[in-house]
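S.K.: sequence first, predicted model second:
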Amino acid sequence: MLEGRVVNLRLMEQMDVPLIVEWANNPDFGGEFEPIEQVTHAEIAKWLDGLPANEKWFFIEKKDGTKVGQIMFAPVGPHYVIGYRMLQSERNKGYCTEAVQIIVDFLFLTRDIVRIQAETNPQNLASQRVLEKAGFTKEGVRRKAVFIRGKWCDGAFYSILREEWREPKILLGPLA
């Protein structure tokens, strides 16, 4: 588990498949900026078992263990990409910003990388605020980058470089 001040990040496991399926099949979980999914327990169990060792998916948990969102990282060439989603009822409380900061700290402390990147819908101002508060810089917009809910949408591209990060901001718990 990666520990922060107000949230912890816990790796997803097979015991979590029912909740992962519930959230994935709920169009409101990802909100208007995420694709609509419909998946089975078997599909999620197989996906979770098949993840590459260097790709990690976590639950964002409040200190009492309540799960409020998801965050992930995966390599893309010599860099890493992150992504996240929050329950609607838990948005705008700082949980996602801290989760992103924890992941940034973790990646720069444990990987020899110079860059972490993320992409969000240019209309998703809340997600852009999360990235900016975590030290990311907007690089530009990729036109028609992702197909969501029946239409091609642009993607606002953000990154943080190691020299912009400098030292851990949030990560408190063990690096395991």
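M.R.: Looks like it came in fine. Numbering: from 1, shown residues only.
S.K.: buried set for stretch 93-101?
M.R.: Across stretch 93-101, burial judged by 16 or more other Cβ atoms under 10 Å covers Y95, C96, T97, E98, A99, V100, Q101. Placement of C-beta: from N, CA and C, glycine included.
S.K.: who's E61 bridged to?
M.R.: In this entry, E61 is beta-bridged to N8, K67, by DSSP bridges.
S.K.: beyond the helix or strand of the chain with the lowest mean pLDDT, next helix or strand please.
M.R.: Ranked by mean pLDDT, DSSP states H and E, the weakest helix or strand in the chain is helix 27-30, scoring a mean of 86. Scanning forward in sequence from helix 27-30 by DSSP states H and E, the next helix or strand is helix 41-49.
S.K.: buried sites along that next one?
M.R.: Neighbour-count burial for helix 41-49 flags I44 (criterion: 16+ other Cβ under 10 Å).
S.K.: may I have that helix exported as CSV, CA atoms only?
M.R.: The C-alpha coordinates for helix 41-49 follow below in CSV (Å, rounded to 0.1, in the frame of the first residue of the first chain):
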residue,chain,number,x,y,z
HIS,A,41,-16.5,-10.8,-13.9
ALA,A,42,-14.6,-13.3,-16.1
GLU,A,43,-13.3,-10.6,-18.4
ILE,A,44,-12.0,-8.5,-15.5
ALA,A,45,-10.5,-11.4,-13.7
LYS,A,46,-8.6,-12.4,-16.9
TRP,A,47,-7.6,-8.7,-17.5
LEU,A,48,-6.3,-8.4,-13.9
ASP,A,49,-4.3,-11.6,-14.1
